[in-house]
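Chemist: Give me coordinates for this.
(2 chains)
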Amino acid sequence: MKELVRSLLVLIAMSLLTGALYPLVVTGLAKAGFPRQAQGSLLMTGDTIIGSAIVGQNFSSLRYFRGRPSAIEKSYDAGNSGGSNFGPSNAKFLEEVGGRVETVRKDNGLERTASVPADLVLASASGLDPHISVEAATIQVKRVAKARGVPEPDVQVLVERFIEMPLFGFLGEKRINVLRLNLALDNIASQVNQSLTKGDEKR
Amino acid sequence: MASNILYFIVFLGILVALAVPLGSYMASVFTGKRTFLSFIIRPLESGFYWICRVDESEEMSWKQYSLAFLLFNAVGFMVLFLLQIVQGRLPLNPMGFGAVRWDTALNTAISFVTNTNWQAYGGETTMSYFTQMAGLTVQNFVSAAVGIAVALPLIRAFTSKLRNTIGNFWVDMTRSVLYVLLPLSIILAVLLVSQGVVQTFNPYVKAQTLDSHGQTPVNRIAQSAERPNEYSPHGGREGKAGYPLAGGALFAEGATPIRGQAQAPVTEQVIAVGPAASQIAIKQLGSNGGGFFNANSAHPFENPTPLSNFLEMLAILLIPAALPFTFGVMVNNRRQGWAIFAAMMILFLVGLGAAFWAEWQGNPILAQSGLGNGTNMEGKEIRFGIGSSVLWGQVTTAVANGSVNAMHDSMMPLTGLVFMFNMAIGEVIFGGVGVGLIGMIMYAILTIFLAGLMIGRTPEFLGKKLEAREMIMAVIAVIAPAIASLIFSGIAVAIPTGLSSLNNPGPHGLSEILYAFFSYAGNNGSAFAGLNANTVFYNLTGGFVMLVGRFLTILPALAIAGSLAMKKSVPSSSATFPTASPLFTVLLIGVVLIVGALTFFPALILGPFLEHLLLCSGRTF
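Modeler: Sure thing, here's the model as predicted:
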């Protein structure tokens, strides 16, 4: 009985310490030190939140660089997260990938036997991967430039500007943040603000 | 390849450089010596004992210690279960989640109390902020602290002579939280926020996305009815989860490429946020592994950058890798600590090498369908790539952590085999905080017994004779979880209820079930997540196996601590088998591998190994 009372007391005390005080202290420190990151690294256009700099978004128009396939029920629904969990010998999965390979080749005007970057046809772990590989961006340059009526080299330069390198040369992989790249694309054409406001009014 | 190997070397180098001093620090903490943090924490500690009516100087027998341990777990279980049932009526629930289903709540309560942190639920769609903080985060701390605490009697037993007490459970646990887990968590949490891990009490964010087509097929159809001119090219297209499909070409080549785009209504992306950083810090440091979000540490808000990834992996291994050194210091034999650490590290490196090789080969079938070398990026994030994803997998399964930064289900079969082996042998390659060391000491007892048979002497470990009672307890601790995991895997494979949860057919399906039960039994918590484990069958059987995995290793260990503490210490002689030697390390590794091989190879051959062979011959399912 004595130990039961102690169990309860210790649990209550621990709950207050680690369940209330600790998260509040961390929240306070986070707010003081890194307010932007703590809120989700949100990107704004005027008053409108257009997404998070570190969470991927769905892009299906030809005018934008596309990200990786997302296995979430609604593609890139950041109210949820997850991967496909297909095993490597799953026939349905392999067939789906085959279809995506064809799509990527067709959309980007590649040859029928051209090799396709793996990340562009294989779903990410989170379903929200904000990045693609440099190769995956490079093969889309021609298509995006054509869809926007912009010279190809301009788009190519933009892609190169957005390459994130591994930290200290070995931490992480070379990669490109799709949302940021696409934002920059829109800013070149400077149409994004206009379209966002109009969209708002219609709602 | 070269940069990956550099990564592994730097990572393990930093790990050892931090683990050795942390090991000494913990030894000071648990023997009640002053440390550099005592001036702040000591008053807090005394106040804590006063509030909780704990007498610091009270010593417990192994039975009293076990009773305190069991009662504390029982109370923790009840509270966590109830919290989930009534969360709908509690505060800090901005998304208005209702009660968690009873079997899910039961499984989750067992899972977090046993330090498994298996998640049958998706965090951002099930649990309120209040449940995550007051329920799950608390158990993240205390279940880890309990794990460390129960290893201490076993360590102390080697140096105490003719005593029938083994320490004070409340003191051991409180010190683990106050001096070790809490300070490290605060530092790690702030570092993680700096990288972009969220820490906020705001409700989920609504964003207006850039591209107007980021909507579900259903919405698309609905809107195309409203504005047929703009949307007809997209109207009836079907596709899983809105993946960009070929038909997009029609749009760009149509009459209104840019204007039409500009006029299109932007769509909404709901972005889940929450007080994640504080929970993630302790989930890694305390070998918990239960994520704030469904995708766990693959989610950009749990693990946003390569640096956060590095820090989190370090945090997973840090305390388990430091505890052998704590052991060495506390038994006055640092070389013994190194001998155990070396056995763990060698097993770790062998597994890492095998897993990295397997994953690096890629998928031969994908290579044929035009993916270059078949690089297996399914279920992996670009910022981590193959190398860091495999290293994380090895770290998280060797330590009973179970958080993931890639989907293990989608990894190559042999990679999965390595991960399963790490869990199946009982989480002793570093293992969970505290309990990993306990597991390895159990294997050490077996090893010394075998060595004793070979040289024909009574086995002794650090001056204590190992006799029938110790042997029986060590064997129970080693094989009880193994038996439970294999029997229940067998049942799951044999009945339709078990099979209906599978996401993948063929031998991979067997792997999904085996992985789940190894994970339950090892109190790991990672999964081949394709398996739908949120069913009454898996919630109940899994809950039972988690209890076996936790209590049938800890209670035998406490019993051994009790009997060793009562023995006198025999001075070592020239005929004593030297346990602080490379020879011992090699024998220990051999025993772990042999026990693992004898117990699990038949199952592993039928699952991942068979899948590997068939995949290489081009067979799919």
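
Chemist: how about the strands of chain A, start to end?
Modeler: Under the criterion DSSP state E, chain A contains strands at A:42-45, A:48-52, A:131-132, A:163-164, A:175-177.

Chemist: With respect to burial, which of those strands scores highest?
Modeler: Mean neighbours per residue, mean count of other C-beta atoms under 10 Å in any protein chain shown, is largest over those for strand A:131-132, with a mean of 27. The way it works is simple: take the backbone N, C-alpha and C, and place the C-beta from them, glycine included.

Chemist: neighbouring strands for that strand, and are they parallel or not?
Modeler: Strand A:131-132 has its sheet partners listed here by DSSP bridges as strand A:175-177 (antiparallel).

Chemist: ok, longest helix in the chain?
Modeler: You didn't say which chain, so I picked chain A. For chain A, the longest helix by residue count, based on DSSP state H, is helix A:91-107.

Chemist: looking at chain B here, not the other one
Modeler: Longest among the helix segments of chain B by residue count, using DSSP H, is helix B:536-566.

Chemist: ok, back up a step: rebuild the strands of chain A as JSON lines, extending it with mean pLDDT.
Modeler: Listed next are the strands of chain A as JSON lines, based on pLDDT from 0 to 100:
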{"stretch": "strand A:42-45", "mean pLDDT": "91"}
{"stretch": "strand A:48-52", "mean pLDDT": "93"}
{"stretch": "strand A:131-132", "mean pLDDT": "96"}
{"stretch": "strand A:163-164", "mean pLDDT": "96"}
{"stretch": "strand A:175-177", "mean pLDDT": "97"}
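
Chemist: Pipe these into a markdown table and attach distance to residue B:173 per row.
Modeler: What follows is the strands of chain A, written out as a markdown table (distance: least, C-beta to C-beta, whole Å):
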| stretch | distance to residue B:173 |
| --- | --- |
| strand A:42-45 | 40 |
| strand A:48-52 | 38 |
| strand A:131-132 | 42 |
| strand A:163-164 | 43 |
| strand A:175-177 | 43 |
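
Chemist: residue boundaries of the strands in chain B?
Modeler: Ranges of strands in chain B, per DSSP E, are B:205-208, B:268-271, B:460-461, B:464-465.

Chemist: Partner strands of the last one, with direction?
Modeler: Each strand that pairs with strand B:464-465, with its direction, by DSSP bridges: strand B:460-461 (antiparallel).

Chemist: Just give me how far the strand it pairs with sits from the chain centre.
Modeler: Centre-to-centre, strand B:460-461 and its host chain are 32 Å apart (C-alpha atoms, centre = their mean, to the nearest Å).

Chemist: and what of stretch B:605-614?
Modeler: Remark: stretch B:605-614 is offset 25 Å from the chain centroid, using C-alpha atoms, centre = their mean.

Chemist: Name the residues of that stretch that come out as buried.
Modeler: Within stretch B:605-614, the residues that qualify as buried are B:607, B:608, B:609, B:610, B:611, B:612, B:614, counting by 16 or more other C-beta atoms under 10 Å in any protein chain shown.

Chemist: Now render those residues as JSON lines, adding distance to chain A and pLDDT.
Modeler: What follows is the buried residues of stretch B:605-614, written out as JSON lines (distance: C-beta to the nearest C-beta, whole Å; pLDDT from 0 to 100):
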{"residue": "B:607", "distance to chain A": "11", "pLDDT": "95"}
{"residue": "B:608", "distance to chain A": "10", "pLDDT": "96"}
{"residue": "B:609", "distance to chain A": "12", "pLDDT": "97"}
{"residue": "B:610", "distance to chain A": "10", "pLDDT": "97"}
{"residue": "B:611", "distance to chain A": "5", "pLDDT": "96"}
{"residue": "B:612", "distance to chain A": "9", "pLDDT": "96"}
{"residue": "B:614", "distance to chain A": "7", "pLDDT": "96"}
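
Chemist: Dump the residues you listed into TSV; add distance to residue B:85 as well.
Modeler: Below are the buried residues of stretch B:605-614 laid out as TSV (distance: C-beta to C-beta, whole Å):
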residue	distance to residue B:85
B:607	36
B:608	38
B:609	43
B:610	42
B:611	40
B:612	44
B:614	45
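
Chemist: Which members of these occur in helices, if any?
Modeler: Going by DSSP H, the helices hold B:610, B:611, B:612, B:614 from the buried residues of stretch B:605-614.

Chemist: my read: the third one touches residue B:411, true?
Modeler: No - checked against C-beta atoms under 8 Å, the pair residue B:612 and residue B:411 is beyond contact range at 11.5 Å.

Chemist: Of the ones in helices among the buried residues of stretch B:605-614, just say which sits nearest to residue B:593.
Modeler: residue B:612 (19.7 Å; C-beta to C-beta).

Chemist: Give me the spatial nearest neighbour of the closest one, chain neighbours excluded.
Modeler: Nearest residue to residue B:612 in three dimensions, chain neighbours excluded: residue B:413, at 4.1 Å (C-beta to C-beta, 6 or more residues apart in numbering or on different chains).
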